[in-house]
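**Q** Sequence plus predicted model, see below.
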Amino acid sequence: MLRSVVAQRLLPRSAHAFPRALPIAMEHPDPNPNPDKPPQPPYPVGVVAALEAAKDPSFRARPTLFSREFSLHDRVALVSGANRGLGLEMALALIEAGARAVYCLDLPKEPGDEWLTVRDYTEKLDFGQGKKGGRLEYVSADVRDQRGLWAIGDMIGDKEKRFDIGIAAAGILKPHTSCLEYPSEQFKEVMDVNVNGALNTAQAAGRQMHRFNTPGSIILIASMSGSITNRDHAWTSYNSSKSAVLQMTRSMACELGPLGIRVNSISPGHIYTTMTAAYLDTQPGLMRKLAGMNPLGRLGRPDELRGVVTWLASDASTFCTGSDILISGGHHSW
Ligand SMILES: NC(=O)c1ccc[n+]([C@@H]2O[C@H](COP(=O)([O-])OP(=O)(O)OC[C@H]3O[C@@H](n4cnc5c(N)ncnc54)[C@H](O)[C@@H]3O)[C@@H](O)[C@H]2O)c1
């Protein structure tokens with residue numbers, strides 16, 4: 001039988017004994033182990049499981065890494081900027097990992113053809129033994145609208161009665177503009193979407209996680225441009241906005257850690273999407289040049305973020321917060 005996180009927290013520690021058999025559905029582990037004792041996993045995994053099995057012949061030994069730690073079974077997520085690009089790729093990854101519902105927020109009133117095709121694909125996914133996957137939902141929203149985002153969070157929480165994952169992937173990049181000429185209106189426009197939008201999205205998710213006492217995971221999509229400057233690219237506003245997202249990640253992680261809510265960022269390198277096509281497709285030779293600027297000698301693919309986002313969203317990363325994960329093909333190493 002399922003024990004909710006809230007119920008688990010109300011139970012004395014002695015009642016947290018390892019279950020003999022794994023429950024059918026996953027719940028979040030208790031994030032508040034007794035601080036005077038070494039922390040224990042909420043159910044036996046890894047070496048602890050092996051030691052349990054050695055003590056108890058009735059212990060059912062079976063792998064847990066993908067069925068439990070990485071599983072997002074029944075979890076509820078919000079992903080901004082998910083009509084296309086990296087946000088949509090991440091939303092699909094969450095569904096494949098078992099999420100119950102992933103709410104995709106983006107500007108257009110109606111979702112695009114790519115989103116609809118992906119939604120149809122999720123409906124056809126076979127999870128074995130005829131089991132179907134979770135729902136991909138579309139919500140038209142502007143991440144700059146703080147109250148609107150909070151209301152969407154409330155709507156999702158009211159409907160689903162839980163809220164586990166929030167991903168802020170909406171972002172904009174403007175064409176090259178000299179830093180000595182940069183118009184403040186344009187600088188503000190980028191900040192409004194990339195920084196305020198990330199805050200509003202994280203708040204929408206975090207407020208629901210707090211409401212349901214859920215040790216959720218908030219993931220802000222920053223960029224390697226928050227840590228390094230792309231050579232020959234005059235992107236002051238974008239780079240500054242992504243640096244702000246990195247510091248927002250650390251600040252929110254420190255504030256929300258005591259609630260068991262984790263906040264991390266992912267910093268991709270150059271990945272071919274509509275955003276990057278705007279400069280890659282219009283400047284002959286640029287794709288080859290940027291590919292040559294990392295040790296792997298190529299651009300990244302959106303699907304190469306599926307693993308890291310699932311890891312950060314799941315219980316496989318429960319000790320990771322306030323971190324930035326660089327996925328750049330090594331661009332930042334040179
Ligand atoms: N593609 C890359 O190489 C790369 C590298 C590093 C970081 N990033 C970051 O990853 C994120 C996704 O980028 P992408 O490459 O998929 O770009 P993209 O342009 O394909 O997707 C961005 C999405 O955000 C949406 N969006 C923009 N403004 C919005 C607003 N005000 N409200 C709601 N939605 C809004 C867009 O409509 C679009 O669907 C961005 O934050 C971007 O800065 C991308």
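**A** It's in.
**Q** How much space separates Gly134 from Ser314?
**A** Using Cβ to Cβ, to the nearest Å, one gets 14 Å for the distance from Gly134 to Ser314. (C-beta placed from N, C-alpha, C; glycine too.)
**Q** Then Ser243?
**A** The value you get for Ser243 to Ser314, if Cβ to Cβ is used, is 27 Å.
**Q** How about residues contacting the helix ranked longest in the chain?
**A** For the chain, the helix with the greatest residue count under DSSP state H is helix 236-256. With Cβ atoms under 8 Å, 6 or more residues apart in numbering as the test, helix 236-256 has contacts from 168, 171, 173-174, 177, 179, 182, 186-187, 189-191, 194-195, 198-199, 202, 206, 218, 220-223, 225-227, 229-230, 262-265, 267, 321-324.
**Q** Can you list the buried residues in it?
**A** If you call a residue buried by 16 or more other Cβ atoms under 10 Å, then helix 236-256 has these buried ones: 236-246, 248-250, 252-253, 256.
**Q** got the residues of the protein near the ligand?
**A** Counting by Cβ under 6 Å from any ligand atom, the residues of the chain close to the ligand are 80-81, 83-87, 105-107, 142-144, 169-172, 193, 197, 221, 223, 268, 270-271, 273-276.
**Q** who are the neighbours in contact with the closest residue to the ligand within the stretch 1-150 of the chain?
**A** With distances taken as Cβ to the nearest ligand atom, the stretch 1-150 of the chain approaches the ligand most closely at Gly85, which sits 2.3 Å away. Residues in contact with Gly85 (Cβ under 8 Å, 6+ apart) are 169, 273-275, 302.
**Q** What residue spans form the domains of the protein?
**A** Under automatic domain parsing, the residue ranges defining each domain of the chain are 5-29+36-67, 72-333.
**Q** ok, Glu89 touching Pro302?
**A** Yes - if you go by Cβ atoms under 8 Å, Glu89 and Pro302 touch, sitting 4.0 Å apart.
**Q** Mind checking which of those two has more residues around it?
**A** Relative neighbour count places Glu89 above the other of Glu89 and Pro302, with 22 against 19, counting by other Cβ atoms under 10 Å.
**Q** Can you report phi and psi for that one?
**A** Backbone dihedrals for Glu89, given as degrees, to the nearest 10, come out at phi -60, psi -40.
**Q** Now do the contacts for it.
**A** Contacts for Glu89 were tallied using Cβ under 8 Å, 6+ apart; they are 302-303, 305-306.
**Q** just the strands in the stretch 51-200 of the chain please.
**A** Under the criterion DSSP state E, counting those that start in this stretch, the stretch 51-200 of the chain contains strands at 76-80, 101-106, 135-140, 165-168.
**Q** Now do the third one: which elements does it pack against?
**A** Of the remaining helices and strands, those touching strand 135-140 by 3 or more Cβ pairs under 8 Å, 6 or more residues apart in numbering; DSSP states H and E are helix 85-96, strand 101-106, helix 113-124.
**Q** any low-confidence regions in the stretch 201-334 of the chain?
**A** Residues of the stretch 201-334 of the chain meeting the criterion pLDDT under 70: none.
**Q** Can you identify each of the strands in it by residue range?
**A** Taking DSSP E, counting those that start in this stretch as the criterion, the stretch 201-334 of the chain carries its strands at 217-221, 262-268, 324-327.
**Q** what's the most buried one of these?
**A** For the strands of the stretch 201-334 of the chain, ranked by mean neighbour count under the definition mean count of other Cβ atoms under 10 Å, the leader is strand 217-221 at a mean of 28.
**Q** Nothing else from me, thank you.
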